[in-house]
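Q: below is the sequence, then the predicted model.
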Amino acid sequence: NMVGGTIPSAVNVIGECGGKGVAIWDANSDGNKVYGNWIGFATNGTTNMPIAGEGIFIGNGAKANIVGGQPLSYRNVVGNAALSAILLWKTNDNLIYGNWAGFQPAGEPAPCAAGGIILSDTASGNRIINNFVGNVAGDGCALDNASQNTIQGNLIGFAYGGVIAAPIGQRCLTAYNGSANNLIGGIVSGQGNRFGNAQGGLAMWNAQANTIQGNYFGLTKSNHPAGFTGEVIYLDSGSSDNWIGGTVIAARNVITGGNNGIAIGGATTLRNRVRMNSIFGSRALGINLWGNYGAFGVTQNDSLAADT
């Protein structure tokens, strides 16, 4: 099935829904294409027509669907949702490409009251590529018990073009509740995500063996500040065996504009590797391995310890 299309006459304009804007449910709901729709608007693209649920929902065993694409006419524009713009729940192998979440078709803000693009409850094998996410009250992108997904080339906290701020209410990306083996960015040109204009860049709680490479935190595409009110990258609560950076220059993350550049803490947060990143412009520390009874900052020497 195809919902919408790539020419103006094929576009669906969906608004004032008591539930979700577009929903693809259940096993065997596979291989559908969702192209070029305006969700949360009137036909003029500027009048708000709220959605009571998510703008786009794929879940409960539906798989291998395509939402958006290239060129620009394939994008879905989702705004004015009471919940998240796009939710993938218990679903595998979908492609979410080039969509605008939290914007009007002309690029003006169209806030969503929860998050941007959310993957949850065993969502795996999904690819979240080249989307623009902004003007959302929650996280720009979230991985909640979601593993083996690819998050690449997205601009989160920016409008189209990557220069104008489109604020994120919480963090640009979070991974938690056992989310593992996700690839966030990459070492090939264009695979890195750009995060900015949020409370934080990336936060992980109980997230394991994820790879964070080639991303830009706290800068616009024109290299102007687009910082964070809190930590840029934060790992806690058993987030272990993650890679931040890598062993080649292309794997480096550029990290700037927060309290601590990278903050890693908690007694069960182990074996994380931080290599070859560019970290500058932090208000506190570049890398903070905190164990100071839960407090950030340089841990003071113990006058009774043998190393003082």
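A: Structure received.

Q: where along the stretch 101-250 of the chain do the strands fall?
A: Using DSSP state E, counting those that start in this stretch, the strands assigned to the stretch 101-250 of the chain run over residues 117-120, 127-129, 132-133, 141-144, 150-152, 155-156, 171-176, 183-185, 194-195, 200-205, 211-213, 216-217, 233-236, 243-245.

Q: need those strands in a markdown table (columns: mean neighbour count, distance to residue 270 and mean pLDDT).
A: Where C-beta positions appear, they are placed from N, C-alpha and C, glycine not excepted. Below are the strands of the stretch 101-250 of the chain laid out as a markdown table (neighbours: other Cβ atoms under 10 Å; distance: least, Cβ to Cβ, whole Å; pLDDT from 0 to 100):
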| stretch | mean neighbour count | distance to residue 270 | mean pLDDT |
| --- | --- | --- | --- |
| strand 117-120 | 26 | 25 | 98 |
| strand 127-129 | 22 | 28 | 98 |
| strand 132-133 | 28 | 31 | 98 |
| strand 141-144 | 27 | 20 | 98 |
| strand 150-152 | 22 | 24 | 99 |
| strand 155-156 | 28 | 28 | 98 |
| strand 171-176 | 28 | 16 | 98 |
| strand 183-185 | 24 | 20 | 99 |
| strand 194-195 | 29 | 25 | 98 |
| strand 200-205 | 27 | 13 | 98 |
| strand 211-213 | 25 | 17 | 99 |
| strand 216-217 | 27 | 23 | 98 |
| strand 233-236 | 25 | 10 | 98 |
| strand 243-245 | 23 | 14 | 98 |
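
Q: closest one to residue 225 among these?
A: strand 216-217 (11.2 Å; Cβ to Cβ).

Q: what's the closest one packed up against?
A: On a contact count with 3 or more Cβ pairs under 8 Å, 6 or more residues apart in numbering; DSSP states H and E, strand 216-217 meets strand 194-195, strand 254-256.

Q: dump those to JSON lines, plus distance to residue 212.
A: As requested, the helices and strands packed on strand 216-217 are exported to JSON lines (distance: least, Cβ to Cβ, whole Å):
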{"stretch": "strand 194-195", "distance to residue 212": "11"}
{"stretch": "strand 254-256", "distance to residue 212": "10"}
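
Q: and those strands: which comes nearest residue 81?
A: Smallest distance to residue 81 across the helices and strands packed on strand 216-217 (Cβ to Cβ): 21.3 Å, for strand 194-195.

Q: which neighbours does that closest one have in its sheet, and in what orientation?
A: Sheet pairing of strand 194-195 (DSSP bridges) gives strand 155-156 (parallel), strand 216-217 (parallel).

Q: could you dump those strands to JSON lines with distance to residue 254?
A: Formatted as JSON lines, these follow (distance: least, Cβ to Cβ, whole Å):
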{"stretch": "strand 155-156", "distance to residue 254": "14"}
{"stretch": "strand 216-217", "distance to residue 254": "5"}
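
Q: residue 143 is nearest to which of the ones you listed?
A: For residue 143, the closest of the strands paired with strand 194-195 is strand 155-156, at 13.0 Å, according to Cβ to Cβ.

Q: gap between that closest one and the chain center?
A: Taking Cα atoms, centre = their mean, to the nearest Å, one finds strand 155-156 lying 7 Å from the centre of the chain it belongs to.

Q: identify the residues contacting it?
A: Strand 155-156 is contacted by residues 116, 131-134, 140-141, 162, 168, 172-173, 193-196, 198, 221 when judged by Cβ atoms under 8 Å, 6 or more residues apart in numbering.

Q: thinking again about what came up before, could I get the strands of the stretch 101-250 of the chain as CSV with distance to residue 109?
A: Shown next, in CSV, are those (distance: least, Cβ to Cβ, whole Å):
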stretch, distance to residue 109
strand 117-120, 17
strand 127-129, 21
strand 132-133, 12
strand 141-144, 18
strand 150-152, 23
strand 155-156, 15
strand 171-176, 17
strand 183-185, 25
strand 194-195, 18
strand 200-205, 21
strand 211-213, 28
strand 216-217, 22
strand 233-236, 26
strand 243-245, 31
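
Q: show me what the helix or strand of the chain with the lowest mean pLDDT is packed against.
A: Ranked by mean pLDDT, DSSP states H and E, the weakest helix or strand in the chain is strand 287-290, scoring a mean of 92. Judged by 3+ Cβ pairs under 8 Å, 6+ apart, strand 287-290 is in contact with strand 262-265.
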